[in-house]
Structures are given as structure tokens and as C-alpha cells.
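Q: Here you go, sequence then predicted model.
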Amino acid sequence: VSTSLILVADDDDDILLLVTTRLRRDGHEIVQASRGDTALALAREMKPALAVLDVGMPGLDGFEVLAAIRADETLNDTKVLLLTAKAQESDVRRGYASGADAYVKKPFSPAELSQRVTALLDLA
Amino acid sequence: VDLRNALRGYRAGGVFLALGLALSGIYFVLPSGNAQSALFDAAGFAAAAAILTGVRVYRPSAPLAWILFAIGNLCSAVGDLLSTLLNDPPIPSAADWVYLAGYPLLATGLVMLLIQAGGHHRRAAVGEALIITLAFSLVQWTYIIEAIVDGPGSETERAVAAAYPMMDVVLLAALAGFFTTAAWRTPSFLLLVAGVVPLLVADEIYGLTANSYSSGDPVDLGWMLSYVLWGAAALHPSMRELSQARPRAQELRVSGVRIVVLTAALLAGPAVLLVQEARGVHYEVWAIAVPMMIIAVLVVLRLATILRALERIRLQLVEADRVKDEFVALISHDLRTPLTSIMGYSELALDDDLEPPIDSERRGYLEIVSRSSHRLLRLVDDLLFVARLQAGRLDLTPTALDLRDVARQAAVEGQRRAEAKGIELVFRAGGPAEIEADRGRIFQLLDNLVSNAIKFTPEGGVIEVSVRTNASAVLEVRDTGVGFTTEEAGRIFERFFRTDAAVEGQVQGTGLGLYIAHAITEAHGGTISATPREGGGAVFTVELPRANGNHSTK
């Protein structure tokens, strides 16, 4: 499995660390953000292969960051995985409709998240 | 009204009431003469004295109404005395002026009590009182006043004679207004009503039979009773409460009495018309038509108010529903975030690749944390689901699917848990069972049934999951578990229902699983049933409409 640069953004420090820890075990390089606007700035600067975005974040929410990434031509190769604690079907549908490559509900199994990430990166 | 409560602390009033009633009886035994007249005249003064005593003893915060009652009764008493002294003078006499002065005082007192009693629906109360008053006045006009006005005698004589039935209308209006408030159940008020009613009845009978009246007539009983009851009302401790501003009643009570009274009021006009017409007697069209028109307007106004209030309530309910929904979503979100950490870090800590590996004791502890957090997550999901269900927001995304596939998936996922408990789980399927349904929901439904079967089946048991088709697609889950009684079968799909066996056996659960299963089945236009098996165990049968058959989604 090749390793990639992954942007992880979540306003909850514990979950940020959880995702980071698990993906680092897979050998990926991680950049972290705890706000939506910082996440977008980092994405533009670092051009990560994948952005793992929490939906509910201060600054910009996950959907807004996703929209900005999709609108940015220099980020065409960046995949986006949305994380959300909202369990409603309407949110899942909105997630896919807004162009996310994957959508993972909280709470998630770190192993399962790792598999989803690997699958997304292998497609690239 | 709780009689015991009503009578508590009513000793003096009780004695007054009993004595008054006894003397009223004696009044009719006595021969016509001075003793009889004296007894009757004394009743009025006694009533006024009793009311003043009540005011002194119970010290109501707004005593004015009661003082007006006392003066009103005193006026009548003086009138009685003058009548006696003048030896039943013809109308109009000095007695009449005193009598007539009393009525407005009594009515004003009642209105004051009415205003103090307030109530949330004061405007409604006034409207209804007006309707009753108008109906009464048109009856009063047709049967009593008109005859007096058109009758013999000088203008003054007729005016004074007509004033009595008019005063009765005023009294009834005040009384009717009070009846539409929440305070009408107060014992003191009931005694007041009991006092006004015989007064009105006596006045009415007198109005109809004025020419044949003489002192000692049975009509006197009404007036005498009225005195006794006014006094008794003021001597009841609840008179204090009655004359105090009270918190507004929140609920709009529609008592049977109120409906009957209002209906009678609405029917009074047409009824009088029909009766007069049938008897071939003259009637004044405007005297009936005008009150009826005003009544019609009042009814429409009242209706408009009610409709507006209903709309307001509906909007409030919609808002409350939205707030509740937001609240549930928020709670769910806030529970999920810490759960993510608990479950995620437990998993990381249990990771086999971790160096150094953890010892088996700690591993065991962490596994319990992990298991419990999964159970907690399931509970949160179930509660969220039920909350959304209650709000009528079960989103279904139906697609074409084969019930066998979903059932197989549920069986496979249950397999590991069943094996861990030493239970055999068998899956059997016949031909294709195509349905149009929400895959996630159907899986949730089947998973609930399979999980339930595993939960309630002891070691060594067998669970059979099978899919077949007839007119519908049929799924069956049979277990050899603790089962339930036939009585419990009727309630098993109720929210939070748990069988005795589940409670006694300390089987974990909230009583939501089958409720959810039932809701999902119904939302798909299907049916679910539970049957106890002979010798223990249960059969759950889900029938879903087959694809291109009839189905409905919420």
C-alpha cells in the first residue's frame, strides 16, 4: 500500500487524534486542522491526496470546505471523506449529493475507516 | 365538589341553613296572620345579617360584592316589612321602590364577583352570558313583560310591574356569566346560585299569577328560600376564595351543563315562535327576531375566536414538534461524539499490532468497554429512531430488492453471536422474494428479530430464519427461547413493553426493538405477528407486499 498525504479536520481533539493515530499506523502522512477555514487553507497549500472532514466545524463546515475543494481546479485530485455525527438519512444523502467520495458516520470503527481510506486512495 | 371538603368549617353556616329551611317549612304551617308575616319579614333581615357576619368572619380581600348582597337583601327585607305594614298594597307602592332598588345591587355584586373570578376565557364567558340573557329576555318579553306593558293600569303601575321581570333578566345575566367561569364549582357560589334560582322562579310565578297573589301564597317559599341561601352562601368559608382574583384557568372546560344551557338559549327564539304560532297567540316579531339576530352574530364571533385559537394552537404544536426534533438530533449528535472516542480508542487499544501487546486481563476489560459502548450506541440509535417515528418522519428510500438477500445478511451477522452463545442458527430460503423496500430499514427489522431471538434463546437452542413466498413475501424467525404468554403476545409490539420472562431473566433491553420492527413493517405496508410456540419459544412472522403488488410508503 502506497502512503499518501492526508488532511484530517475535526473540531474534537480526541477524534482528531483518533483518526490521525489510526491513519499514521497505515503509514500515511497527516496534516491536522480543527477549523473548517484552516482546513481549506491547508488543503490549498499542501494539495493532500485525501481530506477527512468533520461536518460540524467552526469557521466553515465540512460541506462548505468540500464545496470549496470541488470548486478549486488545483485540487481536482483531492478525494474527500466526510465524517458526521448526524445519523439522519437526509444528511447521508446530502453528503453524497454534495460530491463527497465517501461518507462515514460517527461513531466509526477505526479499522473500517482505514479500509475506506485505503480503498479511496487505491482508486486514484 | 367534594362534599366533605365543602362542609369543613361550615358549622355556623350549616346551623343557619338548617334553621332557615326549618323555618321556611314552619312558615306554611302557621295560619295566615301576623306571626306568619313576621317570620317572612325576619328572613330577609336575617339574610342581610348573615352576609355581613360572613364578611366579618372570613374577611374577603374584596368584600364590596358581599356588602352589595347584604344591602340588596336588606332592601327586599324592608320591602317585605312595608308590604306587611301597608297590608299588601297594590302596585306601585313604597314597597315596590325598595324591592326594585335591591335587584341592581344583587346583580352588580354578582358581576363584581364575575370580574374577580376572571378566568382565561372572560370574553367567551361574557359572550355566552349575553346569549343566555338575550334568549331569556325574549322569553320574558313574550310571556310576561308584553302582557304587563299592554295591560291595564296607569303608566307608572305598568312600568313598575314590568320592572320586576326585567330585573330578573339582569340577575340571570350576572348568574349566567358566572356559570361560564371556572369558579362555578365553588360551594359558596353554588349556594348563591341556589339562592338566585328560587328568587327568579318565585318572581316568574308571581309575574304570571300576580292578580291571584296574596300573602302566604306558595310563591313565598321561593323568596324565603332565597333569603336563607344568600345568607348560607356568605357563611361558607369558600366565599373568601370566591371573591378573590384567581389564577386564570388554563383549560377551556366544556361541561355538559354549559352545552345544554347554550343549546336551550339558541333554541329559545324559534321555540317561542313555534309555540305562539301553534297557539294562535299574538307575538311581537321584533322582540324575537332582534335578540335572535344578535345571538347569531355572537355565535359567529365566538366561532371565529375558537377557530383563530385553534390555528394558534396548531402553529404552537408544529413549533413544539420542530423544537423536539432539533433537540433529539442535538442529543444524538452530542452522544455520538464521545461514543466515537470510547469505541475508537477501545479498538485502537485492542489492536493486535500494538507493541507491547496488552495482557489478557486488560484485554478482557477493554472488550467489556467496547461491548458496552456498542450497546449504548444501539440504544441511542433506537431512541433517535423512535423519536423520529413519533414525529412522523420515517424517511424510506424504497428500491427493488430480494428479501432473501437481506435475510441472509442478517442471519450471517447473527451467526457469530449465536455461536458464541452455543445456539444453532439455520437459514432457509425458497424462490426469489422480490420486494420494493428500503434496504437499510428492512435489514434493521430483520436484525432486530434475529438479535431478539439470540437474546432470548438459551444455550443449545435453535433459531431458524426462513423466507418463503405466497401472496406476500414471508419471513419467519423461530426460536426455542423463553417465549411469551398469549396475553403478552397482544402487547409485545408496544413501545417499551417487556415480557415478564425478559424482566425476571434480566435480559437486557429497552422494549424498543419489536416496536421498531412493527413500525418498519407497517411503513412498508406489511404485517408482523408474534405467536408463542408450544413447549417454549416464539415465532415472528413478517409479511411484506411483493414487488409490483400494492405497497405504500410513508
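A: That came in fine, so what should we check first? Everything quoted here is computed from the prediction, not taken from an experiment. Numbers count the residues shown, from 1 in each chain, chains lettered A, B, ... in the order given.
Q: Send me stretch A:73-87 as PDB with only the CA atoms.
A: Taking C-alpha atoms only, stretch A:73-87 is exported to PDB below (Å, rounded to 0.1, in the frame of the first residue of the first chain):
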ATOM      1  CA  GLU A  73      -9.200  23.300 -10.000                       C
ATOM      2  CA  THR A  74      -5.800  22.900  -8.400                       C
ATOM      3  CA  LEU A  75      -7.500  20.400  -6.000                       C
ATOM      4  CA  ASN A  76      -9.000  18.100  -8.600                       C
ATOM      5  CA  ASP A  77      -7.100  15.100  -7.400                       C
ATOM      6  CA  THR A  78      -8.100  15.500  -3.800                       C
ATOM      7  CA  LYS A  79     -10.500  12.900  -2.600                       C
ATOM      8  CA  VAL A  80     -12.900  13.900   0.200                       C
ATOM      9  CA  LEU A  81     -14.300  11.700   3.000                       C
ATOM     10  CA  LEU A  82     -16.900  13.300   5.300                       C
ATOM     11  CA  LEU A  83     -17.300  12.300   8.900                       C
ATOM     12  CA  THR A  84     -20.500  13.100  10.700                       C
ATOM     13  CA  ALA A  85     -22.300  12.500  13.900                       C
ATOM     14  CA  LYS A  86     -25.600  13.300  12.300                       C
ATOM     15  CA  ALA A  87     -27.200  10.000  11.600                       C
END
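Q: Tell me the predicted confidence for the residue in the stretch 351-500 of chain B that chain A sits nearest to.
A: Across the stretch 351-500 of chain B, the shortest distance to chain A (C-beta to the nearest C-beta) belongs to residue B:395, at 4.9 Å. Every residue, glycine included, has its C-beta placed from N, CA and C. Listed pLDDT for residue B:395 reads 74.
Q: Ok, the one 3 residues further on next?
A: Here, the pLDDT recorded for residue B:398 equals 86.
Q: How about residue A:22?
A: 93.
Q: Any residue of the helix or strand where it lies touching chain B?
A: When elements are assigned from DSSP states H and E, residue A:22 belongs to helix A:13-25. Yes: using C-beta under 8 Å from any C-beta of the partner chain, helix A:13-25 reaches chain B at A:14-15, A:18, A:21-22, A:25.
Q: Quick one, which of those residues are buried?
A: A:15, A:18, A:22 (16 or more other C-beta atoms under 10 Å in any protein chain shown).
Q: which residues touch the spatially most central residue of chain A?
A: The centroid of chain A falls nearest to residue A:52 when counting by C-alpha atoms, centre = their mean (1.1 Å). Shown in contact with residue A:52 (C-beta atoms under 8 Å, 6 or more residues apart in numbering or on different chains): A:6-10, A:19, A:23, A:81, A:83, A:117.
Q: And for residue B:131?
A: The neighbourhood of residue B:131, defined by C-beta under 8 Å, 6+ apart, consists of B:262, B:265-266, B:295, B:298-299.
Q: any idea which of the residues you listed has the most stuff around it?
A: Tallying neighbours with other C-beta atoms under 10 Å in any protein chain shown puts residue B:265 at the head of those, with 24 neighbours.
Q: roughly how far apart are that one and chain A?
A: 54 Å (C-beta to the nearest C-beta, to the nearest Å).
Q: so where is the chain shaky, pLDDT-wise?
A: Since no chain was named, I'll use chain A. A:1, A:86-92, A:123-124 (pLDDT under 70).
Q: you looked at the wrong chain, it should be chain B
A: B:1-9, B:117-122, B:178-184, B:210, B:215, B:245-255, B:548-554.
Q: So which residues on it come close to chain A?
A: Counting by C-beta under 8 Å from any C-beta, the positions of chain B adjacent to chain A are B:329, B:332-333, B:336-337, B:339-345, B:347-348, B:351, B:353, B:373, B:377, B:381, B:384, B:388, B:395, B:397, B:440.
Q: at 10 Å what do you get?
A: B:329-330, B:332-348, B:351, B:353-354, B:370, B:373-374, B:376-377, B:380-381, B:384-385, B:388, B:393-397, B:438, B:440-441 (C-beta under 10 Å from any C-beta of the partner chain).
Q: contacting residues for residue B:157?
A: By C-beta atoms under 10 Å, 6 or more residues apart in numbering or on different chains, residue B:157 lies in contact with B:90-92, B:96, B:148, B:151.
Q: what's the answer for residue B:145, then?
A: By C-beta under 10 Å, 6+ apart, the residues touching residue B:145 are B:137, B:139, B:158, B:161-166, B:168-169, B:207, B:287.
Q: Helix, strand, or coil at it?
A: Of the three states, residue B:145 takes helix under DSSP: H, G, I helix; E, B strand; the rest coil.
Q: And it, how far from chain A?
A: As defined by C-beta to the nearest C-beta, residue B:145 lies at a distance of 71 Å from chain A.
Q: Next: residue B:306.
A: Residue B:306 is 37 Å from chain A, by C-beta to the nearest C-beta.
Q: can you confirm residue B:16 is in a strand?
A: No: per three-state DSSP, residue B:16 lies outside any strand segment and is helix.
Q: Quick check: it vs chain A, distance?
A: 70 Å.
Q: what sits against that residue?
A: Taking C-beta under 10 Å, 6+ apart, one finds B:10, B:46-47, B:49-50, B:53-54, B:228, B:231-232, B:234-235 in contact with residue B:16.
Q: Likewise for residue B:446?
A: Residues in contact with residue B:446, defined by C-beta under 10 Å, 6+ apart, are B:403, B:406-411, B:413-414, B:465, B:467, B:475, B:477, B:517, B:520, B:540, B:542.
Q: Kindly report the same for residue A:78.
A: The contact partners of residue A:78, taken as C-beta under 10 Å, 6+ apart, are A:5-7, A:43-44, A:46-51, A:66, A:69-70, A:72, A:101, A:124.
Q: With distance to residue B:526 added, can I get the residues of helix A:13-25 next to chain B in JSON lines?
A: Below are the residues of helix A:13-25 next to chain B laid out as JSON lines (distance: C-beta to C-beta, whole Å):
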{"residue": "A:14", "distance to residue B:526": "42"}
{"residue": "A:15", "distance to residue B:526": "39"}
{"residue": "A:18", "distance to residue B:526": "40"}
{"residue": "A:21", "distance to residue B:526": "45"}
{"residue": "A:22", "distance to residue B:526": "41"}
{"residue": "A:25", "distance to residue B:526": "45"}
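Q: still on that earlier bit, keep only those of the contacts of residue B:446 that are in helices.
A: B:403, B:406-411, B:413-414, B:517, B:520 (DSSP state H).
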